[in-house]
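*Asks:* Sharing a model that was predicted from the sequence below.
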Amino acid sequence: MSGTSEGGQKASQTIKDLYGKNFFKNIGAIGGSRKVKKGFAVSGLAIEAGRRGGTISKRRPSVK
């Protein structure tokens, strides 16, 4: 029954019975409230890459 509207209704009812009617609201609030840095931002690579990119001039020296 997976992938059918009848299966979706049964799954929805099961979630409401087990976890309450505000289940998705609650897990959405938890997911949006956690501010955990991970990946590129944690190791300091982002700071170094920004510094390097900011110091490199994109223009050629002026010739007068």
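*Replies:* Looks like it arrived, so ask away.
*Asks:* moving C-terminal of the helix or strand harbouring Gly31, what's the next helix or strand?
*Replies:* For Gly31, the element it lies in under DSSP states H and E is helix 23-33. Note on helix 23-33: by DSSP H and E, the next helix or strand toward the C-terminus is helix 45-55.
*Asks:* helices and strands around that next one, which ones?
*Replies:* Packing partners of helix 45-55 (3 or more C-beta pairs under 8 Å, 6 or more residues apart in numbering; DSSP states H and E): none among the helices and strands. C-beta: built from backbone N, CA, C; applies to glycine.
*Asks:* what distance separates that helix from the middle of the whole chain?
*Replies:* 23 Å (C-alpha atoms, centre = their mean, to the nearest Å).
*Asks:* swap in stretch 34-53?
*Replies:* For stretch 34-53 - counting by C-alpha atoms, centre = their mean - the centre lies 15 Å from the chain centre.
*Asks:* How about stretch 31-40?
*Replies:* For stretch 31-40, the distance to the chain centre is 7 Å (C-alpha atoms, centre = their mean).
*Asks:* what are the C-alpha coordinates of the longest helix seen in the chain, in CSV please?
*Replies:* Ranked by residue count, the top helix of the chain under DSSP state H comes out as helix 5-19. Extracted in CSV, the C-alpha atoms of helix 5-19 (Å, rounded to 0.1, in the frame of the first residue of the first chain):
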residue,chain,number,x,y,z
SER,A,5,-3.4,7.8,-0.9
GLU,A,6,-4.9,5.1,1.3
GLY,A,7,-1.4,4.2,2.6
GLY,A,8,-0.6,7.8,3.3
GLN,A,9,-3.8,8.2,5.3
LYS,A,10,-3.0,5.2,7.4
ALA,A,11,0.5,6.4,8.0
SER,A,12,-0.8,9.8,9.0
GLN,A,13,-3.2,8.2,11.4
THR,A,14,-0.5,6.0,12.9
ILE,A,15,1.8,9.0,13.5
LYS,A,16,-1.0,10.9,15.2
ASP,A,17,-1.9,7.9,17.4
LEU,A,18,1.7,7.3,18.5
TYR,A,19,3.1,10.8,18.8
